[in-house]
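Undergrad: Task: produce atomic coordinates for the following.
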Amino acid sequence: MTFRLTADQRGIRDQILRICATFDDDYWLDRDRNGGFPHDLHRAMAEGGWLGIAMPEAVGGAGLGITEATILMQAIAESGAGASGASAIHMNIFGLNPVVKFGTDEQRARMLGPLIAGDEKACFAVTEPTTGLDTTRLKTMAARQGERYVVHGQKVWISTAQVADKMLLLARTTRREDVSSPTEGLSVFYTDLDRNFVDVREIE
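TA: Residues are numbered from 1 along each chain as shown. Okay, here's the model as predicted:
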């Protein structure tokens, strides 16, 4: 087993470092002091086609793997961006993997395409204020009402939620006490952040 990068992987790293070189230490010092999302870094990564590095080619992604995506993230952090730069795009690269794996073709095209293009940003809402680290004990409930789900609950500490257009939401559709295994009854939804309801069907 070797941990050396392949020529293609070194090429990914070099290209990312080249993009990141346009965002110098002063840029990141300003982010640290004044806050604010690095929209221009996000746009540069989108224009380079990097936000879809681990997403299917059929929806505009590169179809590469988690190793390549990790190389990308490490190069961003190494460039001087640190966690501020890496966390600005990591959710769009890794967070929608449930859609990549379990979504329908229609869902992948509708949900992933705008993220890859940089036209939308997403967050993944899992953490709750009273749940701790045991995700199976989350209390957010999604109840079906006709063609929609109505969600009741709380989520906190959601990375990129302050700038996201869309939310991937983990909620219970069956109470924990009504299932035989604590991992049963958990469902994932994708919704606009400016609505009070989930308007897409469950990702099965």
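Undergrad: Show me which positions of stretch 58-66 end up buried.
TA: Of all the residues in stretch 58-66, those buried under the rule 16 or more other Cβ atoms under 10 Å are Val59, Gly60, Gly61, Ala62, Leu64. (Glycine included, C-beta is placed from N, CA and C.)
Undergrad: residues contacting Phe56?
TA: Rather than Phe, residue 56 is Pro. With contacts defined as Cβ atoms under 8 Å, 6 or more residues apart in numbering, Pro56 is in contact with Gly63, Val100, Arg108, Leu112.
Undergrad: just to revisit the earlier point, format the buried residues of stretch 58-66 as JSON lines; extra columns: secondary structure, distance to Ile76 and pLDDT.
TA: Listed next are the buried residues of stretch 58-66 as JSON lines, based on DSSP: H, G, I helix; E, B strand; the rest coil; distance: Cβ to Cβ, whole Å; pLDDT from 0 to 100:
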{"residue": "Val59", "secondary structure": "helix", "distance to Ile76": "23", "pLDDT": "95"}
{"residue": "Gly60", "secondary structure": "coil", "distance to Ile76": "21", "pLDDT": "94"}
{"residue": "Gly61", "secondary structure": "coil", "distance to Ile76": "18", "pLDDT": "95"}
{"residue": "Ala62", "secondary structure": "coil", "distance to Ile76": "16", "pLDDT": "95"}
{"residue": "Leu64", "secondary structure": "coil", "distance to Ile76": "16", "pLDDT": "95"}
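Undergrad: Do a quick rundown of the strands in this structure.
TA: 122-125, 141-145, 148-152, 166-172, 186-192 (DSSP state E).
Undergrad: Can you check what angle separates the last one from strand 148-152?
TA: Compare the direction of strand 186-192 with that of strand 148-152 by axes from the mean of the first three to the mean of the last three Cα atoms, to 10 degrees and you get 100 degrees.
Undergrad: any idea how far the nearest residue to Val163 once chain neighbours are set aside lies from Gly85?
TA: Among residues not flanking Val163 along the chain, Phe37 sits closest, at 4.6 Å (Cβ to Cβ, 6 or more residues apart in numbering). Phe37 sits 11 Å away from Gly85, going by Cβ to Cβ, to the nearest Å.
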